[in-house]
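>>> Prediction below, plus the sequence it came from.
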Amino acid sequence: MSDRPWIVDDALWAVIEPLLPKWPKRSPGPRPVDDRRCLQGILFVLYTEISWQQLPLELGFGSGQTCWRRLARGVFDQLHRILLAELNVAREDRLDASLRGCLPREGEKGGEVTGPSPVDRGKTGSKHNLICDGNRTPLKAITTAANVNDVTQTLALVDGVPPVAGRVGHPRKRPDALLGDKGYDSDLIRHELRKRRILPVISRKGSPSIKGLGKLRYVVDQTFALLHQFKRLTIRWERRLDLHNALVSLASGLICWRRLKHHTP
């Protein structure tokens, strides 16, 4: 990773720039900070966990917050989807998926979708539920209250996987198989997955674990580790859920970008 990972290189900017909403020609007030610099300010916050108010003005990124809310409106979801498609072209493997919930540290400032933490009932917090492919690429992440059972988010995660384009035929929206540990044991979930033509590979409670599933579960743990390298995501500071989820989408897209550069000759 670069010493300054928040710097947007020309190749990445070429992907992002067409997605950005245009400023109106007759916008009142002073000219806003350049979009590229604004994005670098967002990345600086995402990587370092500092507050928007502490963003160093000498870096020329502006205050960040106003422009950040403008760029968060669907831009980072589109970026994640585009980079998933490009990564799909670069790789040859099929689409299998694994899922798991992960409890980050409590969101100290509260906000939408918070609840009692299972590790400390006196505090409220949120957690991420994640579905990824076998190469540790995040496909979809959902933020829920800390006390929400992971199994309740299974179908939302599966149905939330964006269409992965890039190959001949219709974009893939369903994995071939879905892997989960005993926390996702549910006959209803298995039935719903089979209706979606997805093979459920989920261990049953009270029975020996499926052979080799532990190694595959480790893939999800690694994906969480990649996601939480972006320090702003380890504690939820944004009260508004849509702004926090936009940061998660941006981080997911950047993970795809790193993988894409690795596969590009």
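Nice, thanks for sending it over. Residues are numbered from 1 along each chain as shown.
>>> Quick one: end-to-end length of stretch 150-167, please.
Taking Cα to Cα, to the nearest Å, stretch 150-167 runs 32 Å from one end to the other.
>>> Tell me, please, where in the stretch 51-200 of the chain the pLDDT is lower than the cut-off.
Scanning the stretch 51-200 of the chain for pLDDT under 70 picks out the ranges 62-72, 92-124.
>>> Kindly recompute the last result at 50.
Counting by pLDDT under 50, the stretch 51-200 of the chain has low-confidence residues at 102-109.
>>> what's near enough to touch Arg196?
Arg196 makes contact with 158, 174 under the criterion Cβ atoms under 8 Å, 6 or more residues apart in numbering. Where C-beta positions appear, they are placed from N, C-alpha and C, glycine not excepted.
>>> all numbers from here: first residue = 16
Sure, I'll start counting at 16 from here, so that last one is Arg211.
>>> now it: how far from Val176?
Relative to Val176, Arg211 is positioned 11 Å away (Cβ to Cβ, to the nearest Å).
>>> The closest residue to Trp28 other than its chain neighbours: neighbour count?
Using Cβ to Cβ, 6 or more residues apart in numbering and skipping residues adjacent in sequence, the residue nearest Trp28 is Arg51, 5.9 Å away. Counted by other Cβ atoms under 10 Å, the residues lying close to Arg51 total 16.
>>> Sticking with Arg51, tell me its helix or strand.
Here Arg51 sits within helix 50-63, counting by DSSP states H and E.
>>> do Ile97 as well
Using DSSP H and E, Ile97 sits in helix 90-105.
>>> Can you name the residues in contact with that helix?
Helix 90-105 is touched from outside by 30-31, 34-36, 152, 154, 177-182, 186-187, 261-262, 264-265, 267-268, 271-272, 274-275, 278-279, with contacts defined as Cβ under 8 Å, 6+ apart.
>>> For Leu256, report the pLDDT, please.
Predicted confidence (pLDDT) for Leu256: 85.
>>> okay, now the closest residue to Ala266 other than its chain neighbours: neighbour count?
In space, and not counting its chain neighbours, Ala266 is closest to Phe245: 4.4 Å by Cβ to Cβ, 6+ apart. Residues within reach of Phe245, counting by other Cβ under 10 Å, total 22.
>>> hang on, isn't Phe245 packed against Phe59?
No - contact criterion Cβ atoms under 8 Å: Phe245 and Phe59 do not qualify, at 11.2 Å.
>>> so the helix holding Arg51 versus helix 90-105, what angle?
Calculated by axes from the mean of the first three to the mean of the last three Cα atoms, to 10 degrees, helix 50-63 forms an angle of 80 degrees with helix 90-105.
>>> Where do the strands of this structure begin and end?
Under the criterion DSSP state E, the chain contains strands at 112-117, 130-132, 135-148, 153-160, 192-195, 214-217.
>>> thinking again about what came up before, and the helix holding Arg51, how far out from the chain middle?
17 Å (Cα atoms, centre = their mean, to the nearest Å).
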